[in-house]
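*Asks:* Predicted model, plus sequence, below.
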There are 4 protein chains.
Amino acid sequence: MSAGDVVTPIRQGLGFQLSYGDCDAVGIAYFAIFYPWMERSYSTWLYAHGIRSGQMSEQLGVYTVGLESRCRYVGMCRVFDVLNTQLVLRHLGTTSFVVACEFRRDGELVAVGEISFACRSLDHQKTPMPPALLAALNSLPQARD
Amino acid sequence: MSAGDVVTPIRQGLGFQLSYGDCDAVGIAYFAIFYPWMERSYSTWLYAHGIRSGQMSEQLGVYTVGLESRCRYVGMCRVFDVLNTQLVLRHLGTTSFVVACEFRRDGELVAVGEISFACRSLDHQKTPMPPALLAALNSLPQARD
Amino acid sequence: MSAGDVVTPIRQGLGFQLSYGDCDAVGIAYFAIFYPWMERSYSTWLYAHGIRSGQMSEQLGVYTVGLESRCRYVGMCRVFDVLNTQLVLRHLGTTSFVVACEFRRDGELVAVGEISFACRSLDHQKTPMPPALLAALNSLPQARD
Amino acid sequence: MSAGDVVTPIRQGLGFQLSYGDCDAVGIAYFAIFYPWMERSYSTWLYAHGIRSGQMSEQLGVYTVGLESRCRYVGMCRVFDVLNTQLVLRHLGTTSFVVACEFRRDGELVAVGEISFACRSLDHQKTPMPPALLAALNSLPQARD
């Protein structure tokens, strides 16, 4: 599946305008603010697919743990810039996956975040992703690199 | 002027969906998260009126200082609740003003924040609000209580 | 009991140095950052008294809800300022209380926060504070005003 | 130079106790909270060496830009855990460097963050780190891996 094939009716991005609380003392978007926006994009997208990431154990009999997060800063962002997020599937393994979150301003990429998740059974062993989670992940555009 | 008279083409509210990062360990919206949303509502609304609150000195020859902030919690909010903000003018004095921010979920009030500002001249004395700021404030609905 | 009578071996304040993430685009401490520090001061102080505010239902058979929070800004704080917090008891009613948190830099008051709590029974009715919570609150210095 | 050779009188770590605001709806430390703590550790450590990272242009005639940040999660952290940070030098190039921040609870590693910085001249070209910054970086323990 390529990004071009994807037709998803489920909103999988957010738009927001940077405000003073997002910016540091030199007027640039604070490096850490991208992480909560990644999580908001991811969690609300998953919720739109019927999955509450905090209650996967009850819902799907497995849970996911965050192994790593990262963000690469491509362009400087300033107060009142309007950013949009777009989730893409970076990696899909058997028991783990990586979701990226692209931040764009007027279409221009300004930052790319990633969160790596592992899937665990209720007795804390590596376990394959359940069908509902796989279906949601497969609905995402795939990363081009 | 009553709220009913106001016709403003400028968006003065925000909609957002609570995510895990907004909620504390007991699953309820963390009490402090309302403050950055108030500021985002206020700053982006003021910016839509052509005023950058961090550069008022250069723009308008005065600046504002926050004297006090507060938030009253009316209803419990949980992860994935969708909240909307609405700014209202609570008080308009000669050299100071209070802007409130109402948070609603499906129309129901869940929290009310306030920020009190004072207007200062460049030599740090109390000074009346300049016309551009007054015009923006007067475009807000007025608080009913 | 007056503040002068209090001899408490339990640390009830925090020291921290403001960093870039605490400051906004104009180099001043962002107004909202005081709230999480209030909560950290309060929750860790209560924990030092053996009470987990998120598990009071299980521990004490009651729970507390935050009714209101507020912060008054007295002095400007800038990046790298070192602030200390001090909790004081502002009000002690039968079923509610207000804890204030004074922020000082080199002894000088720069901000005063408050959180108002109400005590609720497990069936969500107003209820008196249990002895363990009362004892902890009574160990705090009392507000002078 | 190995970590064993380092004798630094400058505090280069922070201790803090996780509170409710640091934890998400399932009671685990929220993945994003480690980033502001990294920055606080780094900025206050650099400040203790006489360098304000937001004013390097004025102080040293160069500035640094964050290229990437990341955090690997090794152990689960919960509310009231006491964490300590330790900065280590992960990579020192000619015009860039990577500082890691190890988070430990009772000596046990629970998370490792990293921030990659590039050094830029005032006309925004790659430029070598100035002596004062190099000296500070060389005073850090070096990463063992």
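*Replies:* Great, that's in hand.
*Asks:* Which helix or strand lies directly C-terminal to the lowest-mean-pLDDT helix or strand in chain A?
*Replies:* The weakest-scoring helix or strand in chain A, judged by mean pLDDT, DSSP states H and E, is strand A:15-17 (a mean of 91). Of the helices and strands lying after strand A:15-17 in sequence (DSSP states H and E), the nearest is helix A:34-48.
*Asks:* Show me what counts as buried in the next helix or strand after that next one.
*Replies:* Per DSSP H and E, the first helix or strand lying C-terminal to helix A:34-48 is helix A:56-60. Across helix A:56-60, burial judged by 16 or more other Cβ atoms under 10 Å in any protein chain shown covers A:56, A:59-60. The C-beta positions use only the backbone N, C-alpha and C, and glycine is treated the same way.
*Asks:* so for the helix or strand following helix A:56-60, what's the average pLDDT?
*Replies:* Note on helix A:56-60: by DSSP H and E, the next helix or strand toward the C-terminus is strand A:62-73. Averaged across strand A:62-73, pLDDT comes to 96.
*Asks:* And stretch A:76-89, by the same measure?
*Replies:* Rounded mean pLDDT across stretch A:76-89 is 94.
*Asks:* what's the distance between that stretch and the middle of its chain?
*Replies:* Its chain's C-alpha centre and that of stretch A:76-89 lie 13 Å apart, by Cα atoms, centre = their mean, to the nearest Å.
*Asks:* Among the buried residues of helix A:56-60, which one sits closest to chain D?
*Replies:* Of all those, chain D sits closest to A:M56, with 10.1 Å by Cβ to the nearest Cβ.
*Asks:* partners of the closest residue to that closest one other than its chain neighbours in the sheet?
*Replies:* Nearest residue to A:M56, sequence neighbours excluded (Cβ to Cβ, 6 or more residues apart in numbering or on different chains): A:Y63, at 4.8 Å. In this entry, A:Y63 is beta-bridged to A:R120, by DSSP bridges.
*Asks:* gap between A:Y63 and chain B?
*Replies:* 13 Å (Cβ to the nearest Cβ, to the nearest Å).
*Asks:* Also A:N84?
*Replies:* 14 Å.
*Asks:* rewinding a little: and of the buried residues of helix A:56-60, the nearest to chain C?
*Replies:* Using Cβ to the nearest Cβ, the buried residues of helix A:56-60 come closest to chain C at A:M56, 21.7 Å.
*Asks:* Got phi/psi on A:M76?
*Replies:* Dihedral angles phi and psi of A:M76 (degrees, to the nearest 10) take the values phi -80, psi 140.
*Asks:* any idea how far the residue positioned nearest the centre of chain A is from A:C101?
*Replies:* Nearest to the mean C-alpha position of chain A, by Cα atoms, centre = their mean, lies A:Y42 at 4.1 Å. Distance, A:Y42 to A:C101, using Cβ to Cβ, to the nearest Å: 7 Å.
*Asks:* same thing with A:P131?
*Replies:* 24 Å.
*Asks:* Of the two, which one has the most company?
*Replies:* Per other Cβ atoms under 10 Å in any protein chain shown, whichever of A:P131 and A:C101 has more neighbours is A:C101, with 28 against 9.
*Asks:* Run through the bridge partners of the more buried one.
*Replies:* Beta-bridge partners of A:C101, as defined by DSSP bridges: A:L87, A:G113.
*Asks:* what's it in contact with, if anything?
*Replies:* Listed by Cβ atoms under 8 Å, 6 or more residues apart in numbering or on different chains, the contact set of A:C101 reads A:34, A:37-38, A:41-42, A:85-88, A:112-115.
*Asks:* Who are the contact partners of A:M56?
*Replies:* A:M56 touches A:62-64, A:133, counting by Cβ under 8 Å, 6+ apart.
*Asks:* quick check, nearest of the contacts of A:C101 to B:D22?
*Replies:* A:W37 (11.7 Å; Cβ to Cβ).
*Asks:* What about that closest one, how many residues nearby?
*Replies:* A count of nearby residues for A:W37, using other Cβ under 10 Å, gives 22.
*Asks:* Below-threshold pLDDT in chain A: ranges please.
*Replies:* Scanning chain A for pLDDT under 70 picks out the ranges A:1-12, A:25-26, A:144-145.
*Asks:* got the residues of it near chain D?
*Replies:* A:24-26, A:30-32, A:35-36, A:39, A:54, A:65-73, A:115 (Cβ under 8 Å from any Cβ of the partner chain).
*Asks:* Go through stretch A:94-102 and flag the buried ones.
*Replies:* A:95-102.
*Asks:* How about stretch A:121-136?
*Replies:* A:127, A:129, A:133, A:136.
*Asks:* Enumerate every residue touching the third one.
*Replies:* When the contact criterion is Cβ under 8 Å, 6+ apart, the partners of A:L133 are A:51, A:56, A:60, A:62, A:64, A:119.
*Asks:* Can you name the residues that contact A:G15?
*Replies:* A:G15 neighbours (Cβ under 8 Å, 6+ apart): A:82-85.
*Asks:* Of those, which belong to helices?
*Replies:* The helices, defined by DSSP state H, take in nothing from the contacts of A:G15.
*Asks:* Would you mind checking the residues you listed for buried ones?
*Replies:* A:83-85.
*Asks:* isn't A:R78 right up against A:Y30?
*Replies:* No: with contact defined as Cβ atoms under 8 Å, A:R78 does not count as touching A:Y30 (11.4 Å).
*Asks:* who has more neighbours, those two?
*Replies:* Higher neighbour count among A:R78 and A:Y30: A:Y30, with 25 against 13, using other Cβ under 10 Å.
*Asks:* give the contact list for the nearest residue to the more buried one once chain neighbours are set aside.
*Replies:* Nearest non-adjacent residue to A:Y30, counting by Cβ to Cβ, 6+ apart: A:D24, 4.4 Å away. Contacts here follow Cβ under 8 Å, 6+ apart; on that basis A:D24 touches A:30, C:20-21, C:23-25, D:54.
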